[in-house]
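Peer 1: The following comprises the amino acid sequence and a computationally predicted model.
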Amino acid sequence: MPSFDVVSKLARHEVENALMQAQKEIGTRYDFRDTGTSLEDTKDGIVIRSDAEARLEAAYGVLQEKMVKRKVSLMSLDPQTIEPAGGKSFRQLIKLKEGVEVEQAKEIVKALKDAKMKVQGAIQGDLVRVSGKKRDDLQAAIAFLKGKDFGLPLQYINFRE
């Protein structure tokens, strides 16, 4: 039976390249000089530090700009609240969303059922497997899902007949 998988994955090398480009720009821009503004990659995500909230937001804007240039979807960035980090400094954690969570997977399966397409969706961990009898039905399902917004960037892989 033909099938394909709906996933949400980040190109980690593109995220790292965008982060390095943003760090380089922040290091050379005059408005960030002597402000202690920095971007750091951690296991939780990307941490932005600065001495003022406005500069922290500007640094986040630079990061977003570099992510767009590297074709990384901004839907995969999850900015947390800005927190004071002691003294006159502030920090913000930007989490990177990867994988289809259960709630979003349920939304995808429900959308396929509500569209009355001749395909079935099954949640398997952090992906949704969509199967049907005909290749044309699966291609129609991909086109349908591309037209919907589920709040995360989706990729369609492992198309099998």
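Peer 2: Arrived safely.
Peer 1: Which stretches in the protein count as strands?
Peer 2: For the chain, the strands defined by DSSP state E cover 3-7, 38-41, 46-50, 77-79, 83-84, 90-96, 119-124, 127-132, 155-160.
Peer 1: got TSV for these, with mean pLDDT and mean neighbour count too?
Peer 2: The C-beta positions use only the backbone N, C-alpha and C, and glycine is treated the same way. Shown next, in TSV, are the strands of the chain (pLDDT from 0 to 100; neighbours: other Cβ atoms under 10 Å):
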stretch	mean pLDDT	mean neighbour count
strand 3-7	88	19
strand 38-41	90	16
strand 46-50	92	21
strand 77-79	90	16
strand 83-84	89	10
strand 90-96	92	18
strand 119-124	88	16
strand 127-132	89	20
strand 155-160	84	12
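Peer 1: Give me the sheet partners of the lowest-mean-pLDDT helix or strand in the chain and which way each runs.
Peer 2: Sorting the helices and strands of the chain by mean pLDDT, DSSP states H and E puts strand 155-160 at the bottom, at a mean of 84. Looking at strand 155-160 with DSSP bridges, its partner strands are strand 3-7 (antiparallel).
Peer 1: which residues are contacting the partner strand?
Peer 2: Identification of contacts with strand 3-7 by Cβ atoms under 8 Å, 6 or more residues apart in numbering yields 99-100, 108, 121, 126-132, 138, 142, 145, 154-160.
Peer 1: repeat that with 10 Å
Peer 2: Strand 3-7 is contacted from outside by 98-100, 104-105, 108-109, 112, 119-132, 135, 138-139, 141-142, 145, 150, 153-161, using Cβ atoms under 10 Å, 6 or more residues apart in numbering.
Peer 1: Tell me the spatial nearest neighbour of the most centrally placed residue in the chain, not counting adjacent residues.
Peer 2: Geometric centre of the chain, nearest residue: S76, 1.3 Å, by Cα atoms, centre = their mean. Excluding the flanking residues, the one nearest S76 by Cβ to Cβ, 6 or more residues apart in numbering is K97, at 4.9 Å.
Peer 1: M117 versus that neighbour, what's the distance?
Peer 2: Separation of K97 from M117 (Cβ to Cβ, to the nearest Å): 26 Å.
Peer 1: My guess is I157 contacts L127. True?
Peer 2: Yes. Between I157 and L127 there is a contact at 8.5 Å, judged by Cβ atoms under 10 Å.
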